[in-house]
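**Q** Next one to model:
(chains A, B, C and D)
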There are 2 protein chains.
Amino acid sequence: MTKSANAPVRHATMRERNLAVVLEHIARHQPVTRARLAELTGFTKTTVSNLVALLESAGLVRGGAPVHEGERGRPGVGVSVHGDGAAGLGLEVNVDYLAACVIDLGKQVRYRHVVSSDNRGREPGAVLDALSALAAEAVSAVAGQGLTVAGAAVALPGLLDREDGVVRHAPNLGWTDVPVTGAPGLDAALPAEYDNEANLAALGELWFGGGTRLGDFVHVSGEIGIGAGIVVDRRVFRGAHGFAGELGHLVAEPAGPPCSCGGRGCLEQIAGQEAILRAAGLPVTRPAAGPGSPVGTLVDRLNSGDGPALHAVDRAGRALGGALASVVNLIDPDTIVLGGVFSPLAEWVRPPLQAVLSEGSGSLRRGVPPVEVSGLAEGAAVLGAAGLVVERVIADPALLL
Amino acid sequence: MTKSANAPVRHATMRERNLAVVLEHIARHQPVTRARLAELTGFTKTTVSNLVALLESAGLVRGGAPVHEGERGRPGVGVSVHGDGAAGLGLEVNVDYLAACVIDLGKQVRYRHVVSSDNRGREPGAVLDALSALAAEAVSAVAGQGLTVAGAAVALPGLLDREDGVVRHAPNLGWTDVPVTGAPGLDAALPAEYDNEANLAALGELWFGGGTRLGDFVHVSGEIGIGAGIVVDRRVFRGAHGFAGELGHLVAEPAGPPCSCGGRGCLEQIAGQEAILRAAGLPVTRPAAGPGSPVGTLVDRLNSGDGPALHAVDRAGRALGGALASVVNLIDPDTIVLGGVFSPLAEWVRPPLQAVLSEGSGSLRRGVPPVEVSGLAEGAAVLGAAGLVVERVIADPALLL
DNA sequence: ACCTTTCGTAAAGAGCGTGGACTAATTAAC
DNA sequence: GTTAATTAGTCCACGCTCTTTACGAAAGGT
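**A** Below is the predicted model:
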């Protein structure tokens, strides 16, 4: 499972950790002098110099222009993350599109590409091949900018077993027990990692959205199904098998419609995108996003005060509020973030949601956590995937010599 | 919050960690030779010898009788945790009793004392004074055995803010916003830590019950209210404010009876001890445990096939199963452990519980986590509290020079 | 008895952060 | 315009901790 924290510490371990400490501070404070790094980290100036020299020779950081901080004294040289060195590739498979995204070590987006394609029921191998092609394209495109992709992370809309590298169940793709590791163009060329779309979207929110201000948060990412990414101490909480945060199958209405999971009245059947559209009397077709998409139409109807639409969204909001009350009681986050479909629908979903949410659990704690709306919407998962790769490099720069 | 993992590593840090590594292995493999420790940890024999010498001089471990492991060769000396050195004191405040318990570094119970007292509505200061007296008694009692109490942990039946050291809400004690740190006899004499009864009961289960075999687990500890302790990677998951695992206020029956928390149909109102007793037509009085207690009577009635009793417990089991389905979807544990009142009632509670549980979430994953029954029942929280102190010492032996 | 195996320790060596002194580059003051 | 003050970064000796190699100690096998 995770590293057992029971590992002996040697000199090499010490170096690795300290390189990471320095690199993290450089990344967070961007152009920063060695002297200031010494203050920030508590190291001596000597040690900082040594560590920075190593990072520099690994191509991870770069000394730039002089920085004058105080009034008097010699100016220091600003050390920054090397923007044109290593980079992270994020990939996403979703029901109606494939996406790729490359960010540099400074978390700047350097490349982005989305191709729409109907992956519902398509042969998994074909989808993965298309994804590999997209990845190869991204790698060569950013190579022109001087970037070297250090690794990839892939967001998938389903439950997956990260140890075996198998997608257990992706209902909207129609995948069951599909092995994903060892895809030719990916693992062969790049170290790739696979994770749930909801988890990566939450990380996207952490790194490119609300940031650390959110504290420990739960990011609700409804696309087709409803999932949640749980971020605790700036890391994703995955549970014992990586299935944590399956919000979509909490029971919202015990007497509600049956669900593919075998239960009845699952949240997904009431607040899922398709369920809302259906209840609003709208067709459930592609394209799923953008103007002219079902969600866009739904928003139009809501704006014009359409009764069935308003009712559908209100019902979804109340159901989601109930599920989030459970989340608050069990996970106790600082913040709740609404992403995915709920982001454009927030104006209508949030009031009933908050009413139900605060009804249940408010009096025991100091009130209910604030419910925020993500500004990232669809792009969150790819961003999070790319960010994950970069974050891995920053957390263990020793891997790159 | 927690240690930011962003701390520089120096030589001293290295030593501290490595002392802990060696001590943990000694504790886990009890009489173990230096040579075997070298294999287990990956250190050289020299380093092990040095570290063991330090631990020995701190009084934490002791070299004992020769141990002959292989067929040939010089026998090694078995190093064990020093049973008569440092010890941990666990304390518990509950509605109808106060308890104290001391365990030594080898996790052997060396002292145990429970005094029944009706703390419901009693002045918090008086309760804490009584607890301090109990603690002082325990400390002097084990001093006679050569034990030195290194710290204390206190289990409290309510939500508490661990940063401020304030009990926010303990409905069954009638406490609201009661400061607990700085209690004269405790913090003055001993470093004390305070935590939720449910969390400590889960740790008790981890260290004195099912152990690591359980993996990541959720321990349901119903006494008066219903709480759950969530153990992930051998540590308690507390959430952002320490309120995680508040199982009792998940909504079990949306149209159910109102709850003191402001909601309706909370699990506690259906599967809480008092709710079950009331539904079974039994009085809700002290003493809460032992023969002649309401629960004992309930078990008798269940054994004799009493209708209302069976119905009450069946309903509780179904409600608990529904709540645990939410837990499984959100937390994804390896195992679920039934403790507290549910331990003696398991025979009747478990079948309906498992029926409801597996109905909801089984098909998405590889089945539902096994539901086990704790063998510790009431004592779990005090044991966990005492264990926590010992565990702290083992995790950072450098604190004791 | 003697060889083999295994345990524990001792002495020398290597890696890495520390501490203090030293050089470099800038501003403030006279 | 020179000098003092201040801050940045480097150099070198040192100390701490793990490793390597070597050696003596205590058993069993022959």
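
**Q** tell me, how many neighbours does A:Ser57 end up with?
**A** The number of residues packed around A:Ser57, counting by other C-beta atoms under 10 Å in any protein chain shown, is 10. Yep, even glycine has a C-beta here, placed from its N, CA and C like the rest.

**Q** Against chain B, how distant is it?
**A** 21 Å (C-beta to the nearest C-beta, to the nearest Å).

**Q** How about the contacts made by that residue?
**A** Taking C-beta atoms under 8 Å, 6 or more residues apart in numbering or on different chains as the definition of contact, A:Ser57 has no neighbours.

**Q** Quick check: phi and psi at it.
**A** Main-chain torsions, A:Ser57, degrees, to the nearest 10: phi -70, psi -20.

**Q** Show the backbone phi and psi for the residue of the stretch 101-250 of chain A found nearest DNA strand C.
**A** Proximity to DNA strand C, evaluated over the stretch 101-250 of chain A using C-beta to the nearest atom of the strand, is greatest for A:Leu105 at 21.0 Å. Backbone geometry at A:Leu105, expressed as degrees, to the nearest 10, gives phi -60, psi -20.

**Q** Kindly list the main-chain dihedrals of A:Ile224?
**A** phi -100, psi -60.

**Q** nope, A:Ala170 is what I was after
**A** phi -130, psi 90.

**Q** ok, how many other residues are close to it?
**A** Other residues near A:Ala170 come to 22 when the count uses other C-beta under 10 Å.

**Q** do A:Pro31 as well
**A** Residues near A:Pro31, counting by other C-beta under 10 Å: 18.

**Q** Quick one: residues contacting it.
**A** By C-beta under 8 Å, 6+ apart, the neighbours of A:Pro31 are A:64-65, A:67, A:78-80.

**Q** so what's the nearest residue to A:Leu267 once chain neighbours are set aside up against?
**A** By the measure of C-beta to C-beta, 6 or more residues apart in numbering or on different chains, the closest residue to A:Leu267 outside its immediate chain neighbours is A:Ala252, 4.4 Å from it. Residues in contact with A:Ala252 (C-beta under 8 Å, 6+ apart) are A:265-267, A:269-271, A:319-320, A:322-323.

**Q** which element follows the helix or strand of chain A at the bottom of the mean pLDDT ranking toward the C-terminus?
**A** In chain A, no helix or strand scores lower on mean pLDDT, DSSP states H and E than helix A:184-187, which sits at a mean of 62. Reading on from helix A:184-187 to the C-terminus, the next helix or strand found by DSSP states H and E is strand A:192-196.

**Q** close to chain B, is that following strand?
**A** No. For strand A:192-196, no contact with chain B is found by C-beta under 8 Å from any C-beta of the partner chain; the gap never falls below 11.4 Å.

**Q** just checking, what packs against that strand?
**A** strand A:148-156, strand A:159-161, helix A:380-395 (3 or more C-beta pairs under 8 Å, 6 or more residues apart in numbering or on different chains; DSSP states H and E).

**Q** okay, those, which one's buried deepest?
**A** Mean neighbours per residue, mean count of other C-beta atoms under 10 Å in any protein chain shown, is largest over the helices and strands packed on strand A:192-196 for helix A:380-395, with a mean of 27.

**Q** Average pLDDT for that helix, rounded please.
**A** Taken as a whole, helix A:380-395 has an average pLDDT of 94.

**Q** so what does that helix touch, helix or strand wise?
**A** Contact here means 3+ C-beta pairs under 8 Å, 6+ apart; on that basis helix A:380-395 packs against helix A:11-29, strand A:86-93, strand A:97-104, strand A:109-116, strand A:148-156, strand A:192-196, helix A:197-208, strand A:217-222.

**Q** Show me how chain A divides into domains.
**A** A:11-81, A:86-202+A:381-400, A:210-375 (automatic domain parsing).

**Q** Dump those to JSON lines, plus distance to B:His241.
**A** What follows is those, written out as JSON lines (distance: least, C-beta to C-beta, whole Å):
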{"stretch": "domain A:11-81", "distance to B:His241": "25"}
{"stretch": "domain A:86-202+A:381-400", "distance to B:His241": "19"}
{"stretch": "domain A:210-375", "distance to B:His241": "6"}
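
**Q** which stretch among those domains comes nearest B:Leu282?
**A** When the domains of chain A are compared by C-beta to C-beta, domain A:210-375 sits nearest B:Leu282, at 27.3 Å.

**Q** Can you pull the phi/psi pair for the residue nearest to A:Leu267?
**A** Dihedral angles (degrees, to the nearest 10) for A:Ala252: phi -100, psi -40.

**Q** How many residues are close by A:Gly146?
**A** As a burial measure, A:Gly146 scores 13 neighbours (other C-beta under 10 Å).

**Q** List just the one of the domains of chain A that sits closest to DNA strand D.
**A** domain A:11-81 (2.0 Å).

**Q** any idea of the mean pLDDT in that closest one?
**A** For domain A:11-81, the per-residue pLDDT averages 92.

**Q** Distance check, the residue lying closest to A:Gly384 once chain neighbours are set aside against A:Ala385.
**A** Distances taken as C-beta to C-beta, 6+ apart place A:Gly204 nearest to A:Gly384, at 3.2 Å, with adjacent residues excluded. Note on A:Gly204: its distance to A:Ala385, by C-beta to C-beta, to the nearest Å, is 8 Å.
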